[in-house]
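> What follows is a predicted protein model with its sequence.
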Amino acid sequence: MIKRVLFFAYYYPPCGGPAAIRAAKTVKYLISHGVEVDVITAKNVFNHSTDIVLAEESHPTRIDYASGCDLTVLLYWLNRDKECFDVTDCQSSPKDSLSKKMYFSLPEKWRIFLKGLLPVDEKILWFWSAKRAGLNNLRKRQYDLIMATVGPYTSGVIARSLKTQTKLPILIDFRDHWTLNPYQKYLTSWHRKIAALWEHKIAESADYLVFIGKRMQAEFFSQHPQINAKSEVVYNGFDESDFAMIPKQEDSSGFIFTYTGHFYGQRSPYYFCAALLKLKVQGLINNNIQVRFAGNYHQDAMKIINNPELKGITKMVSYLSHRECIELLMSSDCLLLFIPSVDGKGVITSKIFEYIRSGKYILAMIPEESEAADLLREHCDSRRYRICDPEDISQIASAIEDIISQKISSSTSQVSYNNLSREAQTEKLITLLNGQVNE
């Protein structure tokens, strides 16, 4: 039976965001089931957000911080007085951390360049200090399993290297595709070949592979049919305890739409905001509705949301802790979900599980034939969501008009969502891991 795990997670609280949340919740429920978890994470992470509340809730058995040079930080200090970074025109207040300022002031062309400059990924310089910290723990304690959540994919390289030396089984948790990731850019064909080589090496050495979705799992094994590792889908899920202490929300006089999360790649608020503008021009909506966008955004998304013609309707909310995001969801009438048509069929944003659990109406601008759409159909009352073509402005506008006119009410009468909880997903993981370790 599995008793102790050495867990590599580059992003871990006080970092905010989906990667850190998944890592923290996995640790939480492994420990609640009697598994000791020692975490090795990065020190002074260059990240878009900090979540102190999540950090206060996270209690691994032991945590070690391994240093690693981040090329973006180095670039900032070399160019802080030049035009490479423009911290005067980014979504950062004077109180924000330097990391956040750098993250949002870095031009996209530099971001792509730095992410693709080094082999494997831009965090590969973390390898040596993180591996050294892992070996130090392995000398002092007995472990049953080494686990790594990726990306960054460097975490998987570390786990594979340690398995070579210790012969311990390893589990790789794929939160994102690697070479199959449509947003992954490579500077040269050599960089792509190196990534493909290491992806295969890591998968080949893994005893267990975990994926966040069914399509992702199927796509991976279609690319690597010769891999024999056991695998399972472990959704991000929702944490019931996050909803337990939410104060009762008073009904608002207006209608509130809310989106929590980021925009990147093809995911954009453009079509939704264009639909809002269309309805406003037609006189079908006014300032009696409010659309809240909660998160950290780059300049392109900010310009769309802050369109002067939508003043009084759209509102940006600075990044909130995960707990505050849940509170925001529960004070809303309708929740917004964005997944683009291009390469979106296998995308499952982590927020969809909390949306389902909230009982709020969901306006899902997502591909009709997608795994996210399948989750809504399986776990939501058909009266509690609406699926629209994510790039069809007229269809989105019609949906907004219908939703507002119906003045929908909240409901917790879901078809079934208990098996989507973080605890249930971790229990599934524990059962499978015990079978893996015992063999």
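Nice, I can see it.
> quick one: the strands in the chain?
For the chain, applying DSSP state E gives strands covering 4-8, 36-42, 62-66, 145-150, 170-174, 208-211, 230-233, 255-260, 289-294, 314-317, 334-338, 361-365, 385-388.
> Among the ones you listed, which comes closest to Met302?
Taking C-beta to C-beta, strand 314-317 is the member of the strands of the chain nearest to Met302, at 7.1 Å. (Each C-beta comes from the backbone N, C-alpha and C, glycine too.)
> same for that closest one, what does it pack against?
strand 289-294, helix 299-305 (3 or more C-beta pairs under 8 Å, 6 or more residues apart in numbering; DSSP states H and E).
> Including mean pLDDT and distance to Asp242, could the strands of the chain go into a markdown table?
Shown next, in a markdown table, are the strands of the chain (pLDDT from 0 to 100; distance: least, C-beta to C-beta, whole Å):
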| stretch | mean pLDDT | distance to Asp242 |
| --- | --- | --- |
| strand 4-8 | 98 | 21 |
| strand 36-42 | 97 | 20 |
| strand 62-66 | 96 | 21 |
| strand 145-150 | 97 | 20 |
| strand 170-174 | 97 | 21 |
| strand 208-211 | 96 | 22 |
| strand 230-233 | 92 | 22 |
| strand 255-260 | 95 | 13 |
| strand 289-294 | 95 | 15 |
| strand 314-317 | 94 | 18 |
| strand 334-338 | 97 | 15 |
| strand 361-365 | 97 | 18 |
| strand 385-388 | 96 | 21 |
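> For the ones you listed, give me a markdown table that also has mean neighbour count and distance to Pro269.
Shown next, in a markdown table, are the strands of the chain (neighbours: other C-beta atoms under 10 Å; distance: least, C-beta to C-beta, whole Å):
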| stretch | mean neighbour count | distance to Pro269 |
| --- | --- | --- |
| strand 4-8 | 25 | 34 |
| strand 36-42 | 23 | 30 |
| strand 62-66 | 17 | 36 |
| strand 145-150 | 26 | 28 |
| strand 170-174 | 25 | 28 |
| strand 208-211 | 23 | 28 |
| strand 230-233 | 17 | 29 |
| strand 255-260 | 22 | 7 |
| strand 289-294 | 21 | 7 |
| strand 314-317 | 17 | 8 |
| strand 334-338 | 23 | 7 |
| strand 361-365 | 23 | 10 |
| strand 385-388 | 21 | 14 |
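> Which among those strands is found nearest to Leu277?
Closest among the strands of the chain, using C-beta to C-beta: strand 314-317, at 9.9 Å.
> and the closest one, how far from the chain's centre?
Computed by C-alpha atoms, centre = their mean, to the nearest Å, the chain-centroid distance of strand 314-317 equals 21 Å.
> Over to stretch 328-344?
Centre to centre, stretch against its chain (C-alpha atoms, centre = their mean), the figure for stretch 328-344 is 14 Å.
> what about dumping the CA coordinates of it to CSV?
In CSV, the C-alpha atoms belonging to stretch 328-344 read as follows (Å, rounded to 0.1, in the frame of the first residue of the first chain):
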residue,chain,number,x,y,z
LEU,A,328,-17.8,35.6,-7.0
LEU,A,329,-19.3,32.6,-8.9
MET,A,330,-22.0,32.2,-6.2
SER,A,331,-22.9,35.9,-6.4
SER,A,332,-23.6,35.6,-10.2
ASP,A,333,-26.6,34.8,-12.3
CYS,A,334,-24.8,33.3,-15.2
LEU,A,335,-21.3,32.0,-15.7
LEU,A,336,-19.3,32.3,-18.9
LEU,A,337,-17.2,29.5,-20.4
PHE,A,338,-14.9,30.2,-23.4
ILE,A,339,-13.2,27.5,-25.5
PRO,A,340,-12.3,28.2,-29.1
SER,A,341,-13.3,26.0,-32.0
VAL,A,342,-9.7,25.7,-33.2
ASP,A,343,-8.1,22.8,-31.3
GLY,A,344,-10.8,23.1,-28.6
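> just the helices in the stretch 201-350 of the chain please.
Using DSSP state H, counting those that start in this stretch, the helices of the stretch 201-350 of the chain run over residues 214-223, 240-244, 270-281, 299-305, 322-330.
> mind checking pLDDT for the nearest residue to Leu125 once chain neighbours are set aside?
Excluding its sequence neighbours, the residue lying closest to Leu125 (C-beta to C-beta, 6 or more residues apart in numbering) is Cys69, at 4.5 Å. Cys69 carries a pLDDT value of 72.
> do you know how far Cys69 is from Leu117?
12 Å (C-beta to C-beta, to the nearest Å).
> Would you map the helices across the stretch 1-150 of the chain?
Under DSSP H, counting those that start in this stretch, the stretch 1-150 of the chain gives helices at 18-32, 52-57, 71-79, 98-105, 108-117, 127-140.
> want to throw these into JSON lines with mean neighbour count and distance to Asn307?
Listed next are the helices of the stretch 1-150 of the chain as JSON lines, based on neighbours: other C-beta under 10 Å; distance: least, C-beta to C-beta, whole Å:
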{"stretch": "helix 18-32", "mean neighbour count": "22", "distance to Asn307": "27"}
{"stretch": "helix 52-57", "mean neighbour count": "16", "distance to Asn307": "32"}
{"stretch": "helix 71-79", "mean neighbour count": "15", "distance to Asn307": "30"}
{"stretch": "helix 98-105", "mean neighbour count": "20", "distance to Asn307": "19"}
{"stretch": "helix 108-117", "mean neighbour count": "14", "distance to Asn307": "20"}
{"stretch": "helix 127-140", "mean neighbour count": "17", "distance to Asn307": "44"}
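> Gly254: which of those helices is closest?
Once the helices of the stretch 1-150 of the chain are compared by C-beta to C-beta, helix 52-57 is nearest, at 28.0 Å.
> is the nearest residue to Arg384 once chain neighbours are set aside in a bridge, and if so with what?
Nearest non-adjacent residue to Arg384, counting by C-beta to C-beta, 6+ apart: Tyr361, 5.8 Å away. Using DSSP bridges, the bridge partners assigned to Tyr361 are Cys334.
> The one 4 residues further on now?
In this structure, Met365 bridges to Phe338, Cys388 when assessed by DSSP bridges.
> Return the residues in contact with it.
Tyr271, Phe272, Leu336, Leu337, Phe338, Ile339, Cys388, Asp389, Pro390, Ile396 (C-beta atoms under 8 Å, 6 or more residues apart in numbering).
> Between the helices of the stretch 1-150 of the chain, which one is closest to Ser321.
Ser321 lies closest, by C-beta to C-beta, to one member of the helices of the stretch 1-150 of the chain: helix 52-57, at 4.0 Å.
> So which other helices or strands are in contact with the closest one?
Counting contacts by 3+ C-beta pairs under 8 Å, 6+ apart, helix 52-57 packs against helix 18-32, helix 322-330.
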